[in-house]
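**Student:** the following block contains a protein sequence and its predicted model.
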Amino acid sequence: MVRLVLQLGVIALGASLLTAGRLEAGLTCVALGALGLAAQGRTLRDHQAHGEQVQLIATFIDDVNARIERSETPDQIAAALAKRGVPPIVLLQVLARHYLQILGHGAALDRVAADITWLASSPPPDGSPLEDLATLDATTTLHAMTFGVRHFADNDESTWHGAIVATRRHFFFLANPHHESVTTAFAKGAAGGWLPELLSLANLGRELTQLTRDHVEAELSPRRRAEFVEWFGQPGSLAIPWQDIAEVDKATAPDDGKKVDLVVVTTPNLRHRFRLGTGLKESFVEDWIDLTRTAAALRGVFLPPHS
Amino acid sequence: MTIQSDESEPSVDAIRQAAYRRYLLARSEAATRWSTRGTWLAYGAAAVVFLLTTLTTMDAIPDWSITIALFAAVATLAVTITVVYPRLPQPTVPCPYCARRVPLAKTQMSPVRAIELLERCPHCGGDLS
């Protein structure tokens, strides 16, 4: 509601500037407000579609429970329900989130072991990170991706700009060699009349559980896959198998007390710090923490919920 | 199957105590970040409103343009801090008992008021004070 009011306010301000004869400022405000409204409309449609998907999954709960009783693996259950309109990766995420909610602090270790072992009982076939990227599929292998991410080196001396991508096998950071600043991207986008790619894609990781697969699939073109493969060869890029992740957390940015970073610690004790977008939206980082725990659980790794 | 843990075989009580200590630390850090962000967001919004109001009114009422823009900026500052920012999503931290995400405060938070911390987990009823 607050966003809607702000966007309508920006449009009204633009109209006021136009009537005052300030064409450039007025048009910019109207265009920004209209783009914001369009984006909000798309988010609302996504939320509706997500709600329908949740209802659909809820109608299959008895069937899912019966299949778990028959010792079917998560992938077998996901494959069976895929024929009834539920993308396999969505069902796997739902199952993992359900089990992780049960496994609170102090849960018996044998219970944790049994549940996580079952979640990881049908691993995807092994493959190199490059194969993983080249064969990305929005309904079976891609958990989520977010653009407009900065990766800080362990010693904070180097910074790379790019995207984070979570697949069933790896957590990737892909350094974009053609990175442009938000200001440049915005100026080019505003001049051309379209929403800059950097801005439109940055939100793909937000509200991860609310996004429909159509939304993700629309951004995963063959060109995008080829770009990912190219970016993987750049300095600063990395691929971490889920089994190597020891901890995921959020932390106050060392250079700015109001920003928050996503921190991924890998064995043996390497800290990778990522800033998602401006670093001001904490729920964005929280979504990625939850997604990382979910994806790791599906590969047999229980990451305790720290923050 | 791998269970990542800092200790080899900690007891359930030790795990819960460590989780509670981490919860307190994470909650304190998140609250500090949240209140810092709120005031900076308001300064930014006020600056934008000041510029746009000046631009809009400088031709029609040049003598009063700056004064009106200043009033508009101060009003924006107040509205952003007291009305807009508290309605944005609060940071969350995992409950130290059930591990589900819980907000920091009982009610909407404001950067200019003391935060009323959540005392009970809304999911499991655990003591968070």
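**Tutor:** Thanks, I have the structure now. Residues are numbered from 1 along each chain as shown, chains lettered A, B, ... in the order given.

**Student:** quick one: low-confidence residue ranges for chain B.
**Tutor:** Counting by pLDDT under 70, chain B has low-confidence residues at B:1-10, B:111-112.

**Student:** what's the single longest strand in chain A?
**Tutor:** Longest strand in chain A, counting residues (DSSP state E): strand A:142-152.

**Student:** can you name every helix or strand that it contacts?
**Tutor:** helix A:88-102, strand A:159-167, strand A:170-175, helix A:197-202, helix A:213-218, strand A:270-276, helix A:282-297 (3 or more C-beta pairs under 8 Å, 6 or more residues apart in numbering or on different chains; DSSP states H and E). Just so you know, the C-beta spots here come from the backbone N, C-alpha and C atoms, and that holds for glycine as well.

**Student:** again, 6 Å this time
**Tutor:** strand A:159-167, helix A:197-202, strand A:270-276, helix A:282-297 (3 or more C-beta pairs under 6 Å, 6 or more residues apart in numbering or on different chains; DSSP states H and E).

**Student:** show me what from chain B comes close to chain A.
**Tutor:** B:1-4, B:12, B:15-16, B:19, B:22, B:26, B:29, B:33, B:36-37, B:40, B:52, B:55-56, B:84, B:87, B:89, B:91-94, B:96, B:98-99 (C-beta under 6 Å from any C-beta of the partner chain).

**Student:** helices of the chain, residue ranges please.
**Tutor:** All of this refers to chain A. Counting by DSSP state H, one finds helices in chain A at the ranges A:2-19, A:23-59, A:61-69, A:74-82, A:88-102, A:109-119, A:129-134, A:182-192, A:197-202, A:213-218, A:222-232, A:282-297.

**Student:** actually, chain B is the one I wanted.
**Tutor:** B:12-57, B:65-79, B:85-87.

**Student:** can you put these in JSON lines and add mean neighbour count?
**Tutor:** What follows is those, written out as JSON lines (neighbours: other C-beta atoms under 10 Å in any protein chain shown):
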{"stretch": "helix B:12-57", "mean neighbour count": "17"}
{"stretch": "helix B:65-79", "mean neighbour count": "16"}
{"stretch": "helix B:85-87", "mean neighbour count": "18"}
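
**Student:** now those helices as TSV including distance to A:Glu230?
**Tutor:** Formatted as TSV, the helices of chain B follow (distance: least, C-beta to C-beta, whole Å):
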stretch	distance to A:Glu230
helix B:12-57	36
helix B:65-79	44
helix B:85-87	41
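
**Student:** A:Gly148 contacts A:Thr278, correct?
**Tutor:** No: assessed by C-beta atoms under 6 Å, A:Gly148 is found out of contact with A:Thr278, at 8.6 Å.

**Student:** give me the contacts around stretch A:122-139.
**Tutor:** If you take C-beta atoms under 6 Å, 6 or more residues apart in numbering or on different chains as the criterion, stretch A:122-139 is touched by A:73-75, A:87, A:89, A:142, A:167-170, A:213, A:216-217, A:220, A:225, A:228-229, A:239.

**Student:** quickly, which of the helices and strands packed on strand A:142-152 bottoms out on average pLDDT?
**Tutor:** For the helices and strands packed on strand A:142-152, mean pLDDT drops lowest on helix A:197-202, to a mean of 54.

**Student:** which ones are touching the residue nearest the centre of chain B?
**Tutor:** Taking C-alpha atoms, centre = their mean, the centroid of chain B lies closest to B:Trp34, which sits 3.2 Å from it. Applying C-beta under 6 Å, 6+ apart, we find B:Trp34 in contact with B:Pro91.

**Student:** how near is it to B:Ser110?
**Tutor:** 10 Å (C-beta to C-beta, to the nearest Å).

**Student:** give me the buried entries from the contacts of stretch A:122-139.
**Tutor:** Taking 16 or more other C-beta atoms under 10 Å in any protein chain shown as the criterion, what is buried in the contacts of stretch A:122-139 is A:73-75, A:87, A:89, A:142, A:167-170, A:213, A:216, A:220, A:228-229, A:239.

**Student:** and A:Ala295, how many neighbours does it have?
**Tutor:** 25 (other C-beta atoms under 10 Å in any protein chain shown).

**Student:** go on, A:Ser237?
**Tutor:** Neighbour tally, A:Ser237, other C-beta under 10 Å: 21.

**Student:** that one contacts A:Ala175, doesn't it?
**Tutor:** Yes: using C-beta under 6 Å, A:Ser237 is in contact with A:Ala175, at 4.7 Å.

**Student:** and the pLDDT for A:Leu6?
**Tutor:** We note a pLDDT of 76 for A:Leu6 in this prediction.

**Student:** the one 4 residues further on too?
**Tutor:** Here, the pLDDT recorded for A:Val10 equals 82.

**Student:** leaving out chain neighbours, which residue sits closest to it?
**Tutor:** Using C-beta to C-beta, 6 or more residues apart in numbering or on different chains and skipping residues adjacent in sequence, the residue nearest A:Val10 is A:Gly33, 3.8 Å away.
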